[in-house]
Structure formats: C-alpha cells, structure tokens
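Take a look and give me a structure for this.
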Amino acid sequence: MSVAAQIETYWLEPESPDRYASAVARCSDFTMLGLAADDDCGRRSAEDLLTASGRPVLAWPAQRPSRVSLDRVFVAWDQSAAAARAVFGALPLLKRAGEVSVVAVETDEGPCVSNPAGRLCAYLAGHNIPARPRTLLAEGRGVGGVLADAALEWGATLVVMGAYGRPRARELLLGRTTRRMLSDPRLPLLLAH
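Numbers count the residues shown, from 1 in each chain. Now for the predicted structure:
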C-alpha cells in the first residue's frame, strides 16, 4: 500500500497551543506526531492537535520502526462520538487491514447498548471489513491499561480509538484512558476527538 504524504517539520511551543499545526492539520487526512514515553510536551501537542484541529492524529511511538503495518488493527470501542469519528476516519485503513479486532471494555457503568463490540463489527461488515468482537472486563483496572495490555497481547500493529470522549472540559477530564495511552505509547495510535 502506498500513501501520498506531505512532510512539514517545525518546532512546537511547549507551553501554548500551536495554531499553525492545527491549521495545517485541518487540511490533512491525519497528522502524524512522534511521541516518546513520558514526553509531556509531545502528549500536550497531541492533545492540542486532537481538540483544536478536528482531524485524527496518528501518535507514533519514538521507539517503533518507521514502517506502518496494517496487519492487525485493534479498535478500542467505548461507544462515544469520539470513537465513532476515529473509526470513520480509519475506514480506508481498516479496509486494507489483515485482521481487525473490535474491543469493548466493560466497566461498572455497563454498556449503553448490549454487545457494543458486536454492533460495531456489524457496521464494519457493511463496509466489507470483517472484524472480530471482544469484550474485556476492567475488574477494577484502568481502561487504558486493559486496552494497552490487550493490544500488545494480541500483537496489534495499530490501535484506533476515540480521545477525550466524555462531555466535560478537557482540563477536568484529560481522559484517563487517552492520557494513559499517550503517556506510554507502545503502539501506533490513530486518535480522533
């Protein structure tokens, strides 16, 4: 698979949202951002791009090889609008994926609808994307940790997920799951807000 790309390099200001990066991102399918573990500046830049650009961000772990693989795409599904936007933005990639696994994590809140992973798999089947549904139990663990561990255990090569999906101010939320995944990026993440 070949993808046309435009690469533009510039320095980000660590203490303020970067209006230039957001403006450029709005005219792109997604923006790729390299991210190291515990890189607070990089994580904040990814958060700013997610919330200000309206476009998906591909957060790429600094320690990963540069080749993008769609062998095993892991979709983290929490039924949020952000997760729906991430899946929609990833449809062209999902159509080319070797395998797709849709994973919902059951928490104490319970799902909004029954079998959420199965429902998304049915939607993807309508786009000729075969996907396998899975439901995992949080069992008191953070959802971000459950997802990260499951993706690594399955051998995922890309994780697709919504970011900051709950309707609260970003400063109050800074999504525990999103923050967890961005703070220790062990796999490439395609995120949408």
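
so what secondary structure elements neighbour the lengthiest strand in the chain?
Using DSSP state E, we find that the single longest strand of the chain is strand 99-106. Where contact means 3 or more Cβ pairs under 8 Å, 6 or more residues apart in numbering; DSSP states H and E, strand 99-106 is packed against strand 72-76, helix 116-125, strand 132-137, helix 143-154. The C-beta positions use only the backbone N, C-alpha and C, and glycine is treated the same way.

who touches residue 129 in this structure?
Residues near residue 129 by Cβ atoms under 8 Å, 6 or more residues apart in numbering: 91, 94-95, 97, 100.

need the helices for this protein, in chain order.
Applying DSSP state H to the chain gives helices spanning 19-25, 40-53, 81-96, 116-125, 143-154, 170-173, 176-183.

Identify whichever of those lies nearest to residue 136.
Between residue 136 and these, the shortest separation by Cβ to Cβ is 5.6 Å, and it involves helix 143-154.

Next, the angle from the closest one to helix 176-183.
What separates the directions of helix 143-154 and helix 176-183 is an angle of 50 degrees, with axes from the mean of the first three to the mean of the last three Cα atoms, to 10 degrees.

Could I get the buried residue list for helix 143-154?
143-148, 150-151 (16 or more other Cβ atoms under 10 Å).

Also stretch 21-33?
Per 16+ other Cβ under 10 Å, stretch 21-33 contains these buried residues: 21-22, 24-25, 30-33.

Quote the end-to-end distance of that stretch.
With Cα to Cα, to the nearest Å applied, stretch 21-33 spans 11 Å between its terminal residues.

same check, this time on stretch 30-42
16 Å.

try stretch 179-189
Terminal residues of stretch 179-189 lie 12 Å apart, using Cα to Cα.

one step back: and the helices and strands packed on strand 99-106, which one is worst for confidence?
When those are ranked by mean pLDDT, helix 143-154 comes last with a mean of 92.

Using CSV, write out every CA atom in that one.
Extracted C-alpha coordinates of helix 143-154, given in CSV (Å, rounded to 0.1, in the frame of the first residue of the first chain):
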residue,chain,number,x,y,z
VAL,A,143,-9.4,1.1,30.9
GLY,A,144,-6.2,2.4,29.3
GLY,A,145,-4.1,-0.3,31.0
VAL,A,146,-6.6,-3.0,30.0
LEU,A,147,-6.6,-1.8,26.3
ALA,A,148,-2.8,-1.4,26.1
ASP,A,149,-2.2,-4.8,27.5
ALA,A,150,-4.8,-6.5,25.3
ALA,A,151,-3.5,-4.7,22.2
LEU,A,152,0.1,-5.8,22.9
GLU,A,153,-1.0,-9.4,23.8
TRP,A,154,-2.9,-9.7,20.5
